[in-house]
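Enquirer: give me the fold of what follows.
(one chain, ligands or ions: 1)
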Amino acid sequence: MAKKAKAVAVQKTKKDARAEAVDRLRSEWTETEKVILRRRSVRLYKKEQVPEFMVKRILEAGRFAPSAGNCQPWKFIVLRDPEIIDGLTKEVVDTVRKMHGMLDYRQPGRSWSRPLVKAFVRTRPNDLHPVPFMAIKMISEGRLGLWHGAPTVILIFKDVRGVSSPELDCGIAGQNMCLAAHSMGLGTCWVGFGKMAFEYTDKWKKRLGIEYPYTWANSLSIGWPKGEPDGMIERPTHPVDWYEDGKKTVFE
Ligand SMILES: Cc1cc2nc3c(=O)[nH]c(=O)nc-3n(C[C@H](O)[C@H](O)[C@H](O)COP(=O)(O)O)c2cc1C
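Expert: Residues are numbered from 1 along each chain as shown. The predicted structure is shown next:
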């Protein structure tokens with residue numbers, strides 16, 4: 001009997017503790033939420049290198065990401081060698097310049113190429129969406145850096161044999177790494193444009209030993225931010241459909 005009463009008391013204490021924790025949540029963000037909400041893409045870094053152990057901890061955060069079928073369909077490559085980062089950057093800028101030259105039908109004497117360019121753009125709706133297209137122009141004109149001068153870059157390659165959607169798994173692993181880095185006071189930026197160094201020629205794939213089953217997924221710049229770019233910002237809301245008690249409500 002005493003044992004039962006003790007168990008009931010323990011249950012009650014646990015329930016009270018949970019109620020208290022829930023109550024606190026009404027007025028306070030958790031530490032994890034703070035990192036998520038305050039993280040901003042960082043495009044200005046100090047030259048000072050990030051300690052090796054911190055990068056290894058960031059990789060651990062990536063390694064522990066969930067993945068479909070626990071396939072872990074990723075390969076991370078850490079670049080801390082300026083010669084390689086600069087070489088890859090040059091490759092991307094050269095490719096982007098060529099691409100921009102090819103696609104810009106507004107140049108004098110190029111109006112004939114407009115229908116061809118429009119048809120090509122339709123075959124690559126994600127890569128040539130107006131937003132990356134603006135960035136292509138800026139990169140080709142040297143107005144947008146690639147890895148933004150970060151001293152550490154993590155390239156993420158996906159194992160194409162992964163279950164379901166290896167690219168999504170790589171994204172989850174990458175975001176784990178981003179958040180871990182920001183929780184340590186570091187800055188990061190996703191850099192999808194790194195793709196240009198791996199999709200159009202084999203030079204850098206060979207140099208870094210990338211072969212089947214791995215292909216480009218994405219990349220992250222990592223370093224000590226200049227200034228304090230992290231912080232909460234306004235962001236447009238997207239309507240969420242909410243089904244409960246037999247009815248649908250929409251909140252923003
Ligand atoms: C998959 C992916 C690829 C991205 N590629 C680039 C890139 O190549 N260059 C860049 O400067 N920012 C890149 N970004 C950063 C976005 O521009 C940025 O996340 C967005 O503007 C929202 O800003 P925030 O990260 O500060 O919230 C990329 C983001 C993601 C998620």
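Enquirer: what is the least confident helix or strand in the protein?
Expert: Ranked by mean pLDDT, DSSP states H and E, the weakest helix or strand in the chain is helix 130-140, scoring a mean of 78.
Enquirer: and the next helix or strand after that one, what other elements does it pack with?
Expert: Later in the chain than helix 130-140, the nearest helix or strand by DSSP states H and E is strand 152-159. Based on contacts counted as 3 or more CB pairs under 8 Å, 6 or more residues apart in numbering; DSSP states H and E, the elements that strand 152-159 packs against are helix 52-63, strand 74-79, helix 166-183, strand 214-223. Yep, even glycine has a C-beta here, placed from its N, CA and C like the rest.
Enquirer: now do the first one, average pLDDT.
Expert: In this model, helix 52-63 has an average pLDDT of 98.
Enquirer: tell me the buried residues in it?
Expert: 54-55, 58-59, 61-62 (16 or more other CB atoms under 10 Å).
Enquirer: give me the angle between that helix and strand 74-79.
Expert: Going by axes from the mean of the first three to the mean of the last three CA atoms, to 10 degrees, helix 52-63 is angled at 160 degrees with respect to strand 74-79.
Enquirer: what does helix 52-63 contact?
Expert: With contacts defined as CB atoms under 8 Å, 6 or more residues apart in numbering, helix 52-63 is touched by 72, 74, 76, 78, 80, 152, 154, 156, 173-174, 176-177, 179-181, 184, 186, 222.
Enquirer: which of those residues are buried?
Expert: 72, 74, 76, 80, 152, 154, 156, 173-174, 176-177, 179-181, 186, 222.
Enquirer: what are the phi and psi values for the spatially most central residue of the chain?
Expert: For the chain, the residue whose C-alpha lies nearest the mean C-alpha position (CA atoms, centre = their mean) is residue 190; its distance is 4.2 Å. In this entry, residue 190 is assigned phi and psi values of phi -70, psi 140 (degrees, to the nearest 10).
Enquirer: for the buried residues of helix 52-63, which one is nearest the ligand?
Expert: Taking CB to the nearest ligand atom as the measure, residue 62 is the one of these closest to the ligand, at 14.7 Å.
Enquirer: state the distance from that closest one to residue 43.
Expert: According to CB to CB, to the nearest Å, residue 62 and residue 43 sit 22 Å apart.
Enquirer: show me which residues of the stretch 51-200 of the chain sit near the ligand.
Expert: Contacts of the stretch 51-200 of the chain with the ligand, taken as CB under 6 Å from any ligand atom, map to 189-193.
Enquirer: ChimeraX command for the buried members of those?
Expert: Here is the ChimeraX selection string for the buried members of these, based on 16+ other CB under 10 Å:
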select :189,190,191,193
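Enquirer: tell me the one of the residues of the stretch 51-200 of the chain next to the ligand nearest residue 32?
Expert: Out of these, the one with the shortest distance to residue 32 is residue 190. That distance is 19.3 Å, counting by CB to CB.
Enquirer: isn't that closest one up against residue 181?
Expert: No. Using CB atoms under 8 Å, residue 190 is not in contact with residue 181, being 11.6 Å away.
Enquirer: show me where pLDDT drops low in the stretch 101-250 of the chain?
Expert: Within the stretch 101-250 of the chain, the ranges that satisfy pLDDT under 70 run 130-132.
Enquirer: what's the span of stretch 189-198, first residue to last?
Expert: 19 Å (CA to CA, to the nearest Å).
Enquirer: apologies, that question was intended for stretch 120-133.
Expert: Stretch 120-133 has an end-to-end distance of 13 Å (CA to CA).
Enquirer: out of the helices and strands packed on strand 152-159, flag the one nearest residue 96.
Expert: Nearest to residue 96, of all those, is strand 214-223, at 14.9 Å by CB to CB.
Enquirer: pairing partners for the closest one, with directions?
Expert: Based on DSSP bridges, the strands next to strand 214-223 in the sheet, each with its direction, are strand 152-159 (antiparallel), strand 187-190 (antiparallel).
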